[in-house]
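A.B. asks: My questions concern the predicted model and sequence given below.
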Amino acid sequence: MAPDARRRLGDAGEALVARWYEQAGYTVVDRNWRCREGELDLVCVGGLGRDAQLVFCEVKTRRSTAFGSPLEAVTHAKARRIRALARAWLAEHRGTGAPRLRFDVAAVLMLPGTAPEVDVVEGAF
């Protein structure tokens, strides 16, 4: 798949997952946040007071399962990298944190001829 097509697929998947969070009562506070160490797909906040959670979500979008589930693409090494990116995000956005942090992984399957499927694993790591 060409880089532009891959980017469009990823953007479409992220938009679907952002909508999923918004429908679940979260606010998307950042999308595709970048620093020199990498990129965070979605940063969301939900809840109030002590129940507030800041969620860092890695989104994986695929057109097939030929290479496994999109969820399988988030390895232990990728999870460590996302945690490091979350620390960088928090350092840059002091005062915007929540009492609790959560790391989610969202899988989006866009199989030809079917409606997209969104599966969000809350607290994936």
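C.D. replies: Now that the structure is in, tell me what you want to look at.

A.B. asks: so how far is residue 6 from residue 20?
C.D. replies: 21 Å (CB to CB, to the nearest Å). Backbone N, C-alpha and C define where each C-beta goes, glycine included.

A.B. asks: oh sorry, the question was meant for residue 31
C.D. replies: Counting by CB to CB, the gap from residue 31 to residue 6 is 17 Å.

A.B. asks: residue ranges with poor pLDDT in the protein?
C.D. replies: Applying pLDDT under 70 to the chain flags residues 1, 97.

A.B. asks: Looking at it, which residue reaches furthest from the middle?
C.D. replies: residue 113 (24.7 Å; CA atoms, centre = their mean).

A.B. asks: that's a helix at that one, yeah?
C.D. replies: No - with DSSP: H, G, I helix; E, B strand; the rest coil as the criterion, residue 113 is coil rather than part of a helix.

A.B. asks: Ramachandran angles for it?
C.D. replies: phi 80, psi 0 (degrees, to the nearest 10).

A.B. asks: More neighbours: which of residue 20 and residue 6?
C.D. replies: Applying other CB atoms under 10 Å to residue 20 and residue 6 shows that residue 20 carries more neighbours, namely 18 against 12.

A.B. asks: Let me know the secondary structure of that one.
C.D. replies: helix.
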